[in-house]
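Student: Mind looking at a prediction? Sequence and model below.
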Amino acid sequence: MLQVHNWDYYDNIINVGAIQVKEIMKFPSPIRFLQEMEHDLLVNVYDKLCSQNGGSQWTSVLNCQIITRESIRYFGGKYPDGIKVISDCMPHLVDIYLQSCLLTSVLNEKKTDDKFNKLLI
């Protein structure tokens, strides 16, 4: 049965950690801090997951949920217990679903391109 959440579902905010202001103040501007943070996440989280995944294609090993969880852990936060992510499911079923979604998207894009090309002729 489909679980429906009430509007107050989003009131369940869980603190996963915080970056100390003194760490941000080490940089000349907050933007420089964010650029460094982005670089750290790309090198230490995303690239590591891509290596484990054998590439950068979305799978049960590499997806937005896993990147979020590993990013929180990388910065010393605690990922909340009880929150399931896609890798907690059966990986083969998830991978098949992701592959079929990607294939459908590619086919739909090709159909759109074909229709556009016919209009040009």
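Tutor: Thanks, I have it. Remember, it's a predicted structure, so these values are computed and weren't measured experimentally.

Student: buried sites along the helix or strand where Leu49 lies?
Tutor: Element membership of Leu49, judged by DSSP states H and E, is helix 47-53. Within helix 47-53, the residues scored as buried using 16 or more other Cβ atoms under 10 Å are Leu49, Asn53. Yep, even glycine has a C-beta here, placed from its N, CA and C like the rest.

Student: what's that helix packed up against?
Tutor: In terms of contacts (3 or more Cβ pairs under 8 Å, 6 or more residues apart in numbering; DSSP states H and E), helix 47-53 is packed against helix 64-74.

Student: Going by neighbour count, which residues in the helix it packs on are buried?
Tutor: Applying 16+ other Cβ under 10 Å to helix 64-74 flags Ile66, Arg69, Glu70, Ser71, Ile72 as buried.

Student: Specify which member of those is nearest to Trp58.
Tutor: Proximity of the buried residues of helix 64-74 to Trp58 (Cβ to Cβ) peaks at Ile66, which lies at 9.9 Å.

Student: Now do that closest one against Ser60, distance only.
Tutor: Distance, Ile66 to Ser60, using Cβ to Cβ, to the nearest Å: 8 Å.

Student: still on that earlier bit, run through who's touching the helix holding Leu49.
Tutor: Around helix 47-53, the neighbours that count as contacts under Cβ atoms under 8 Å, 6 or more residues apart in numbering are Ser56, Thr59, Val61, Leu62, Ile66, Ile67, Glu70.

Student: Only C-alpha atoms, please: export that helix in PDB.
Tutor: The C-alpha coordinates for helix 47-53 follow below in PDB (Å, rounded to 0.1, in the frame of the first residue of the first chain):
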ATOM      1  CA  ASP A  47      35.400  10.100  -7.500                       C
ATOM      2  CA  LYS A  48      35.700   7.400  -4.800                       C
ATOM      3  CA  LEU A  49      32.100   6.300  -5.500                       C
ATOM      4  CA  CYS A  50      32.700   6.400  -9.300                       C
ATOM      5  CA  SER A  51      35.700   4.200  -8.800                       C
ATOM      6  CA  GLN A  52      33.700   1.700  -6.700                       C
ATOM      7  CA  ASN A  53      31.000   1.800  -9.300                       C
END
